[in-house]
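*Asks:* here is the input, now give the coordinates:
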Amino acid sequence: MINEHFLIEATERYLKGEMNAEERSRFEQDRKVNPELDQYVVGHDLFQKNLDHYSRVRRFKQQLHETHHHLIESGELQPLNLGKVVKMQLFWKKYKKTISIAASIAGIIAISINAITYIISPNGNAKKSTGIGEHSKCN
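*Replies:* Next comes the predicted model:
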């Protein structure tokens, strides 16, 4: 098997177009012959594109945050002070599904515990079911 470090380096050079014509031709021929190498190159290319996209999104969010902070400091933008009711509404919208699932599970557990307690606890009818009582009296 090809050295993994060499494989990564060759794949990156191939994808960036840094290989000369002879190297590129040999690498493409190896890809045609070896499906594992071809799959590795495709996966590496996809990984690199996703990493670049993530990096661009992070940079954009950082710039957006810095611009927002700068506008607040300069007084061009007033900070939004949400009341408690609005914060609770936003919290509910964000976690409605999770809260509903948790409440459902808690309800099912409560009903199950109640049913199990009812089944295994002695109750007023225990005397009749054990045979103690009127049937055991001697006449």
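
*Asks:* against Asp45, how distant is Phe27?
*Replies:* Per Cβ to Cβ, to the nearest Å, Phe27 is found 13 Å from Asp45. Backbone N, C-alpha and C define where each C-beta goes, glycine included.

*Asks:* hey, which helix or strand in the chain has the poorest pLDDT?
*Replies:* Of all helical and strand segments in the chain, the minimum by mean pLDDT, DSSP states H and E falls on helix 126-130, at a mean of 48.

*Asks:* so Arg59 versus Lys16, what's the distance?
*Replies:* 20 Å.

*Asks:* would you map the helices across the protein?
*Replies:* 4-16, 21-33, 35-74, 84-120, 126-130 (DSSP state H).

*Asks:* tally of neighbours for Ile72?
*Replies:* Counted by other Cβ atoms under 10 Å, the residues lying close to Ile72 total 13.

*Asks:* Thr11 too?
*Replies:* Thr11, neighbours per other Cβ under 10 Å, totals 20.
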